[in-house]
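Asks: fold the following for me, if possible:
(2 chains)
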Amino acid sequence: EAQVTQNPRYLITVTGKKLTVTCSQNMNHEYMSWYRQDPGLGLRQIYYSMNVEVTDKGDVPEGYKVSRKEKRNFPLILESPSPNQTSLYFCASVFNYGSFEQFFGPGTRLTVL
Amino acid sequence: QKEVEQNSGPLSVPEGAIASLNCTYSDRGSQSFFWYRQYSGKSPELIMSIYSNGDKEDGRFTAQLNKASQYVSLLIRDSQPSDSATYLCAANNNDMRFGAGTRLTVKP
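Replies: Numbering: from 1, shown residues only, chains lettered A, B, ... in the order given. All right, here's what the predicted structure looks like:
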């Protein structure tokens, strides 16, 4: 089954404790991205990757890192999480590169205390 | 600043009516436009994409694009309670911009 998976789905952590949210897609998509969704603000892009070893900042990259060492995986790293990073996070990949019709993962709800 | 604006709603329509959702965007370079449906606690799912001025129909859904007015809309005919969700508008010009979403409630 074609899908985008994220882990963990729910995470409660404390300020400053490094964490990684994994994202994996099995569709051989080149383009992947991370979004955060906050009430009233909609989806905001954090980082995106056009291909392996090619990443770039989105609208809200501060406090986040990403890597793209293989095509299928695009982890999101929070080196020192803070409470303002409490949010719902979505990974997405493009199943039609020319038109950017993105397919979203199930989401990760992160709470930073 | 590239913005996509939507009325937050909630928009409430009776079952069987037409629901009209609107969206404006500020980046004139945007080339493709999308409507996603998001149920509470779930991920967005693509329901329509549109790239050219005019209307595009898919079942009960019609997307309308007017690039001169920088306006995108989504019409849902014969609205059903299962259409109750938040609808996200997105515009793409090498990076995807989303609106905050309009919450639609269809009352039986």
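
Asks: least confident secondary structure element in the chain?
Replies: Unless you meant another one, I'm taking chain A. strand A:102-104 (a mean of 88; mean pLDDT, DSSP states H and E).

Asks: oops, chain B please
Replies: Of all helical and strand segments in chain B, the minimum by mean pLDDT, DSSP H and E falls on strand B:96-98, at a mean of 88.

Asks: other residues contacting it?
Replies: A:33, A:35, A:42-45, A:100, A:102, B:2-4, B:25, B:27, B:30, B:34, B:36, B:88-91 (CB atoms under 8 Å, 6 or more residues apart in numbering or on different chains). Using the backbone N, CA and C atoms, a C-beta is placed for each residue, glycine as well.

Asks: now for residue A:17, how many residues are close by?
Replies: Per other CB atoms under 10 Å in any protein chain shown, the neighbour tally for residue A:17 reads 12.

Asks: cool, and residue A:10?
Replies: 9.

Asks: residue A:5: what's it in contact with?
Replies: By CB under 8 Å, 6+ apart, the residues touching residue A:5 are A:22, A:23, A:24, A:25, A:105, A:106.

Asks: any idea which element it lies in?
Replies: strand A:4-7 (DSSP states H and E).

Asks: and that strand, how far out from the chain middle?
Replies: A distance of 9 Å separates the centroid of the chain from that of strand A:4-7, by CA atoms, centre = their mean, to the nearest Å.

Asks: quick one: mean pLDDT for it?
Replies: For strand A:4-7, mean pLDDT rounds to 96.

Asks: following that strand, which helix or strand shows up next?
Replies: Following strand A:4-7 in sequence, per DSSP H and E, is strand A:10-13.

Asks: in that next one, which residues are buried?
Replies: A:11, A:13 (16 or more other CB atoms under 10 Å in any protein chain shown).

Asks: does anything pack onto it? Which helices or strands?
Replies: strand A:19-25, strand A:108-112 (3 or more CB pairs under 8 Å, 6 or more residues apart in numbering or on different chains; DSSP states H and E).

Asks: same thing but 6 Å
Replies: Judged by 3 or more CB pairs under 6 Å, 6 or more residues apart in numbering or on different chains; DSSP states H and E, strand A:10-13 is in contact with strand A:108-112.
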